[in-house]
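Q: model the structure of this input:
(one chain, ligands or ions: 2)
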Amino acid sequence: MASINYDKIKTDAAQHPKPQDIKYTHGTAGFRMKADLLDSVVYRVGILAGLRSKKLDGKVIGVMITASHNREIDNGVKLVDPYGEMLHQSWEGYAAQLANAQTEDELVEVIKIIVKEFDIDETMTSKVIYARDTRPSGPALVMALEDGLRSIGAEINDFGIKTTPQLHYVTCCLNTQGTEKSYGEPTEAGYYKKLANAYRRAVEGKSRPSPLYVDSANGVGAIKLKELTNYIDKDILEVIVLNDDIKTQGKLNHLCGADYVKTNQRLPLGLNIKAGERAASLDGDADRIVYYFIDDDGTFKLFDGDKIGSLAGSFIIDLVKAAGLEGINVGVVQTAYANGSSTHYLEKVMKVPVSCVPTGVKYLHHEAEKFDIGVYFEANGHGTILFSLTATKLIRSSKGETPEQEDAIERLRALMELINQTVGDALSDLLLVEAILANRQWTLKRCNEAYKDLPNRLVKVIVTDRHIFKTTNAERTLVEPAGLQGKIDALVKKYKDGRSFVRPSGTEDVVRVYAEAATQKECDELAYSVAGLVYDEAGGTGGRPDEFL
Ligand SMILES: CC(=O)N[C@H]1[C@@H](OP(=O)(O)O)O[C@H](CO)[C@@H](O)[C@@H]1O
Ligand SMILES: [Mg+2]
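A: Residues are numbered from 1 along each chain as shown. Ligands and ions are numbered 1, 2, ... in the order given. You can find the predicted model right below:
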């Protein structure tokens, strides 16, 4: 392969000029903002993906174009490392530098710095696979990406419209083919077959749970969930897919989807379930899922990521014990947004080690890798379970001494296949929850009784510059603006079971305030007092919301 052609990059880049006066930030989930501001960023991410692949000896890098649960007019782009992880942290700063280089000359300078810094062999081949969600801005951004990939001379593979986790899956499969970590057939059909087959094994001999209604946020999850269910026998799973209109503009995530349901704690538009029925909502790129049901008294009950994580964690622990594999350690990873009751339940009742890490999949994923079996879920419904290579080999090769042990081992084997270990995956997590319900023969209401959530509230505060907020202690303590944390602590102290923290969002231009307390009234009071404090003392803008105290 020839070296990088910097002249070609300069010419190509001129077709994708960076807008003036915009500073791009690489946040929790890559670059994300209004789609019409992303052309130059996506072009440059193409170059970055090519460089990353060269650095990793030609391993395949994934690029996903999506803005997940954001508004339809937003879009975003993120890189997927070879085994399905998010882009390595050491590259994030360079990603931002590439995006912010104002001229073509500056862009080339940054590329040269990256080549030098990472000692990249320019002549190495580079391979990139990419996909997008159903957003109308997707096709034009894919063209910008392809231009970037051609500029750097990468081999390109268009995976089409896919869910984010499907792209992570296929990237991992392509890079592990023929190795002991071989993850599966690197195709969309391979993905469905793997999940469907594992589900069948996981629920073998158990009767089917009642039908599940799914709000798919009018996004890519709608098409892909329908395809998945075509691979699964109706006798073992019945899914009714709703909010599946991906054609009408303006419907994506509008008054529906996992983020809407979690934030507003109410049913999405287009879904009416009766007492005793259960439903789930996906987000715009189908990497999150939350469940819910209507209680006998007609109230809406959310079964969020914390609940799913706790359910999955306790089920796995029981299976590991029943399998006679107690040597395998199981741990759970959460973020500061995890409900205090879930942490208490896991640590004190289930006696599971729980770690708390900063928001964002990359932190959760890496922490979960420290356990033989690491369960991680964000409260918003993003999560998965990781099995270490040692645990995988042990579970694969174990022979039970009794039929009960053998049954538990076989179910663990099935779960290992069922769970998309490359990233949180709404479709795989849906099957996981359904498999647990079938195995336990429990209703969702029964699962929900494991612990009672503390009332909680998440509030957004718009400020002039969210980058002045700096945190520590897994984002639970503010270091800057100086003095603010002390004032938050003073407010928290007034409330029974009170807890509150403030951090800048990595995906939206806002600061988030989270609070929980013994009653909803007290919790709201605490949340809006802290929000008011942040607004008044740290550059609140755009009009002080009435509810702020
Ligand atoms: C409170 C919250 O839900 N934060 C979300 C949100 O991140 P922020 O950095 O808070 O904007 O989007 C991330 C990407 O989807 C997700 O990982 C995270 O959990
Ligand atoms: Mg998402």
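
Q: who's in contact with the residue in the chain that ligand 2 sits nearest to?
A: Nearest to ligand 2, among the residues of the chain, is Ser68, at 3.2 Å (CB to the ion). Every C-beta, even on glycine, is put in place using the N, C-alpha and C of the backbone. Applying CB atoms under 8 Å, 6 or more residues apart in numbering, we find Ser68 in contact with 29, 32, 76, 133, 164, 283-285, 287-288, 507.

Q: 10 Å - rerun?
A: Contact analysis of Ser68 by CB atoms under 10 Å, 6 or more residues apart in numbering lists 29, 32, 74-76, 78, 133, 164, 217, 219, 253, 257-259, 283-288, 382, 507.

Q: run the contact check for stretch 298-311 versus ligand 2.
A: No: Stretch 298-311 lies out of reach of ligand 2 by CB under 5 Å from the ion, never closer than 11.9 Å.

Q: just the buried residues of that stretch, please?
A: 301-311 (16 or more other CB atoms under 10 Å).

Q: swap in stretch 404-420?
A: Going by 16+ other CB under 10 Å, stretch 404-420 has these buried residues: 405, 407-420.

Q: looking at those residues, which is nearest Ser151?
A: Comparing the buried residues of stretch 404-420 against Ser151 with CB to CB picks out Asn420 as the nearest, at 32.1 Å.

Q: phi, psi for the closest residue in space to the closest one that isn't next to it in sequence please.
A: In space, not counting the residues next to it along the chain, Asn420 is nearest to Ser428; the distance is 4.0 Å by CB to CB, 6 or more residues apart in numbering. Phi and psi for Ser428, reported as degrees, to the nearest 10, are phi -70, psi -40.

Q: what does this protein have sitting close to ligand 2?
A: Residues of the chain lying near ligand 2 (CB under 5 Å from the ion): 68, 283, 285, 287-288.

Q: what residues does the chain have near ligand 1?
A: 28-29, 68, 337, 359-361, 378, 380, 382, 505-508, 512 (CB under 6 Å from any ligand atom).

Q: please pick the buried ones from those.
A: For the residues of the chain next to ligand 1, buried by 16+ other CB under 10 Å: 28-29, 68, 337, 359-361, 378, 380, 382, 506-508, 512.

Q: please flag which of these sit within strands.
A: Arg512 (DSSP state E).

Q: rewinding a little: which residues sit in contact with the residue nearest to Asn420?
A: 163, 165, 169, 191, 194-195, 198-199, 228, 286-287, 289, 384-385, 417-422.

Q: next one: Glu104
A: With CB under 10 Å, 6+ apart, Glu104 has these contacts: 6, 9-14, 16-18.

Q: let's see that with 7 Å instead.
A: Contact analysis of Glu104 by CB atoms under 7 Å, 6 or more residues apart in numbering lists 10, 13-14.

Q: from Ala13, how far off is it?
A: 5 Å (CB to CB, to the nearest Å).

Q: same thing with Phe315?
A: Taken as CB to CB, the span from Phe315 to Ala13 is 51 Å.

Q: who has more neighbours, those two?
A: Ala13 (25 against 21; other CB atoms under 10 Å).

Q: surely that one is in contact with Val108?
A: No: Ala13 is not in contact with Val108 according to CB atoms under 7 Å; the separation is 8.1 Å.

Q: how many neighbours does the residue nearest to Leu107 when sequence neighbours are not counted have?
A: Sequence neighbours aside, Ala101 is the residue nearest to Leu107 in space, at 4.1 Å (criterion: CB to CB, 6+ apart). Look at Ala101: counted by other CB under 10 Å, it has 18 neighbours.

Q: contact partners for Ala101?
A: By CB under 7 Å, 6+ apart, Ala101 lies in contact with 18, 107, 110.

Q: same check on Lys194?
A: 184, 417 are the contacts of Lys194 under CB under 7 Å, 6+ apart.

Q: does it sit in a helix or strand, and which one?
A: helix 188-202 (DSSP states H and E).

Q: using CSV, write out every CA atom in that helix.
A: Output in CSV follows, covering the C-alpha atoms of helix 188-202 (Å, rounded to 0.1, in the frame of the first residue of the first chain):
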residue,chain,number,x,y,z
GLU,A,188,-26.9,-9.5,10.0
ALA,A,189,-28.4,-12.9,9.5
GLY,A,190,-25.6,-14.4,11.6
TYR,A,191,-26.6,-12.0,14.4
TYR,A,192,-30.3,-13.1,14.3
LYS,A,193,-29.4,-16.8,14.1
LYS,A,194,-27.0,-16.5,17.1
LEU,A,195,-29.6,-14.7,19.2
ALA,A,196,-32.6,-16.8,18.2
ASN,A,197,-30.8,-20.1,18.7
ALA,A,198,-29.5,-19.0,22.1
TYR,A,199,-33.0,-17.9,23.2
ARG,A,200,-34.4,-21.3,22.2
ARG,A,201,-31.8,-23.0,24.4
ALA,A,202,-32.2,-20.6,27.2
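
Q: per-residue confidence averaged over the next helix or strand after that helix?
A: Using DSSP H and E, the helix or strand that follows helix 188-202 towards the C-terminus is strand 212-215. The average pLDDT within strand 212-215 is 98.

Q: give me the sheet partners of strand 212-215 and which way each runs.
A: Here strand 212-215 is paired, per DSSP bridges, with strand 239-242 (parallel), strand 278-282 (parallel).

Q: following the chain past it, name the next helix or strand.
A: helix 220-230.

Q: got the contact list for that next one?
A: Contacts of helix 220-230 (CB under 7 Å, 6+ apart): 133-134, 161-163, 166, 192, 195-196, 214, 216, 237, 239, 241, 243-244, 246, 282, 285-286, 426-427.

Q: next, the angle helix 188-202 makes with that helix.
A: 60 degrees (axes from the mean of the first three to the mean of the last three CA atoms, to 10 degrees).

Q: buried residues in helix 220-230?
A: 220-225, 228-229.

Q: what ranges do the helices span in the stretch 201-350 of the chain?
A: Secondary structure of the stretch 201-350 of the chain (DSSP state H, counting those that start in this stretch): helices at 220-230, 258-264, 305-322, 340-344.
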